[in-house]
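In: For reference, the sequence and a predicted model appear below.
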Amino acid sequence: MNAHYDDIAGQYAAYANASPTRVVELRTMLHMAGELEGRSVLDLACGFGSYGRAMLRAGAASAHGVDQSSEMVAIGRQMSAHAGDAMTFQVSDFLQLAAVREYDVAVAAFLFNYAQSLDELARMAKAAFQHVRAGGRIAVETMNPHYCLAEGDCSKYGLRVLDDVPWKEGAKMEIEFPGAPPARITVFRWAREHYERAFAEAGFTELVWQAPCLLEQDRLAQPAGYWDALLRNGLAAWFSCTKP
Ligand SMILES: C[S@@+](CC[C@H](N)C(=O)[O-])C[C@H]1O[C@@H](n2cnc3c(N)ncnc32)[C@H](O)[C@@H]1O
């Protein structure tokens, strides 16, 4: 896995905070997380804590973020101090995270797209499993298995897909975030059945794919047709599953 965000942490946070899609992404993850009142949340690959913080605002009792980038976590801590929220953070590769606590809800936004092989995807799903309590759930946002670069590079939503080429059983993508110079990341796109198999083998059940939760207020906030590309050929896909 190769996901070095220390050099581009500020750029990523600026993009994500300004992106019109973020509000839709957060709402979709909140929808999949379900009832949050009094729940403990683990934000895997939390970055600057966008998702964990949203869960706290929605009533979660606690949100703990884990990310391997100390710069991302530093921005997250500053944002939480500024907002006065109680999100906690830890710098760690989540694969090395000790299973000291089982959470009611785990969220993982743009983490599993760093799996460079199906074996790695399986290892990552197993690692996530051990941090969720029995009866708890995980909400995942990842690269859209059906994304097609020929149908649009997503630049209207603030980032740009530069390349998408076959890679093992899936695809390898190069994505650029704005800035001077722009920042590039490499991610991997796997098929629905790859995710379904990896999460089932890890022990999760009831995997459900979720469409983006787009509301009338989103449509009214943008020019007509603005969201069409997101619905037809968006970069992200969402699913949730349960730990029995
Ligand atoms: C695109 S950012 C997403 C951050 C946040 N989830 C969000 O959506 O705003 C991807 C994050 O995954 C983190 N990451 C990738 N692999 C990781 C791993 N094995 N353990 C912990 N963090 C990881 C990176 O450091 C980076 O902050």
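Out: Alright, I've got the coordinates.
In: Pull the contacting residues for the closest residue to the ligand within the chain.
Out: Relative to the ligand, the nearest point of the chain is residue 47 (2.6 Å; C-beta to the nearest ligand atom). C-beta here means a position set from N, CA and C on the backbone, and glycine is covered the same way. Contact analysis of residue 47 by C-beta atoms under 8 Å, 6 or more residues apart in numbering lists 5, 9, 12-13, 16, 65, 67, 69, 72, 75-76, 109.
In: hmm, try it at 6 Å
Out: Residues near residue 47 by C-beta atoms under 6 Å, 6 or more residues apart in numbering: 67, 72.
In: List the buried residues in the helix or strand hosting residue 175.
Out: Using DSSP states H and E, residue 175 maps to strand 170-177. Buried positions in strand 170-177, judged by neighbour count with 16 or more other C-beta atoms under 10 Å: 170-171, 173, 175-177.
In: Extract the C-alpha trace of the next helix or strand after it and format it as PDB.
Out: Sequence-wise, the next helix or strand downstream of strand 170-177 (DSSP H and E) is strand 183-189. Extracted C-alpha coordinates of strand 183-189, given in PDB (Å, rounded to 0.1, in the frame of the first residue of the first chain):
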ATOM      1  CA  ALA A 183      -1.000  16.900  -6.100                       C
ATOM      2  CA  ARG A 184      -1.300  13.400  -7.500                       C
ATOM      3  CA  ILE A 185      -2.500  10.200  -5.900                       C
ATOM      4  CA  THR A 186      -2.700   6.600  -7.200                       C
ATOM      5  CA  VAL A 187      -5.700   4.500  -6.200                       C
ATOM      6  CA  PHE A 188      -7.100   1.100  -7.200                       C
ATOM      7  CA  ARG A 189     -10.600   0.300  -8.400                       C
END
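In: could you point out which element follows strand 183-189?
Out: Counting by DSSP H and E, the element after strand 183-189 in chain order, helix or strand, is helix 192-202.
In: Could you identify the longest helix within this protein?
Out: Taking DSSP state H as the criterion, the chain has its longest helix at helix 70-83.
In: quick one: that one near the ligand?
Out: Yes: on the criterion C-beta under 6 Å from any ligand atom, helix 70-83 is in touch with the ligand at residue 72.
In: try stretch 175-186
Out: No: Stretch 175-186 stays clear of the ligand (C-beta under 6 Å from any ligand atom), getting no nearer than 7.0 Å.
In: Use 723 as the first number for this chain going forward.
Out: All set: I'll call the first residue 723, so the last point we hit is now stretch 897-908.
In: got a list of contacts for that stretch?
Out: 730, 733, 737, 881-884, 896.
In: quick one: the strand holding residue 897 to helix 914-924, angle?
Out: For strand 892-899 against helix 914-924, the angle by axes from the mean of the first three to the mean of the last three C-alpha atoms, to 10 degrees is 100 degrees.
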